[in-house]
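Asks: Quick one: sequence plus predicted model below, questions after.
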Amino acid sequence: MIPVCRIEDLPEGESLRVESGDATAAIAVFHTDGAFYAIDDTCSHQDASLSEGWLEGCYVECPLHAALFDLRSGEPTCLPARKPVRTHAVTVVDGMLYVHPAVRTVPGEPVHAAPEEAVA
């Protein structure tokens, strides 16, 4: 479990990047449509930070080549990305936002952990 920030420090429509503790991956955390979502921060098409992308509802557009990813599933919705990114569970405890990194099983295969409902 990774502490991210207080919920008031991540306003609606914003994102931030957190280090996962895994030397190979950072996580992008988003606050949109009244919920918090977390996905791998690196686009599956090319090395670009998704936390720096454009947020539209539950989708983030990669800032490099405009691939669009669904924050709920990690699935790309258009080219040039073809592979999904991992999703990570998110919880809120006493106003603090936490990310629960998904476990890697086979290199190159994403493991999805659907974000949980926020708890006040």
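Replies: Yep, that arrived.

Asks: Please count neighbours and contacts with C-alpha atoms only from this point.
Replies: Will do.

Asks: Centre-most residue in this protein?
Replies: Centrality entry for the chain: nearest residue to the mean C-alpha point is Ile39, 2.2 Å, by C-alpha atoms, centre = their mean.

Asks: Quick check: the gap between that one and Asp94.
Replies: Using C-alpha to C-alpha, to the nearest Å, one obtains 23 Å as the distance from Ile39 to Asp94.

Asks: And the residue with the largest distance to the centre of the chain, how far from Asp40?
Replies: Centroid-distance maximum for the chain: Asp94 at 21.4 Å, with C-alpha atoms, centre = their mean. Computed as C-alpha to C-alpha, the Asp94 to Asp40 distance reads 25 Å.

Asks: do the same with Ala81
Replies: Using C-alpha to C-alpha, one obtains 14 Å as the distance from Ala81 to Asp40.

Asks: okay, these two: which has more neighbours?
Replies: The neighbour comparison of Ala81 against Asp40 (other C-alpha atoms under 10 Å) goes to Asp40, with 27 against 20.

Asks: Show the model's pLDDT score for the residue lying closest to the more buried one once chain neighbours are set aside.
Replies: On the basis of C-alpha to C-alpha, 6 or more residues apart in numbering, the spatially nearest residue to Asp40 that is not a chain neighbour turns out to be Ile27, at 4.5 Å. In this model, Ile27 is scored at 96, pLDDT.

Asks: hey, what's Ile27 bridged with?
Replies: Here Ile27 shows beta-bridge partners Val18, Asp40, assigned using DSSP bridges.

Asks: What is the burial count for it?
Replies: Burial of Ile27 is recorded as 25 neighbouring residues (other C-alpha under 10 Å).

Asks: for the one 5 residues further on, same thing?
Replies: Using other C-alpha under 10 Å, Thr32 has 20 other residues around it.

Asks: could you check the distance from it over to Glu12?
Replies: 5 Å.

Asks: same thing with Ala25?
Replies: Distance of Ala25 to Glu12, given as C-alpha to C-alpha: 24 Å.

Asks: again, but for His31
Replies: Relative to Glu12, His31 is positioned 5 Å away (criterion: C-alpha to C-alpha).

Asks: which of these two has more neighbours?
Replies: A side-by-side neighbour count of His31 and Glu12, using other C-alpha under 10 Å, places His31 first with 20 against 15.
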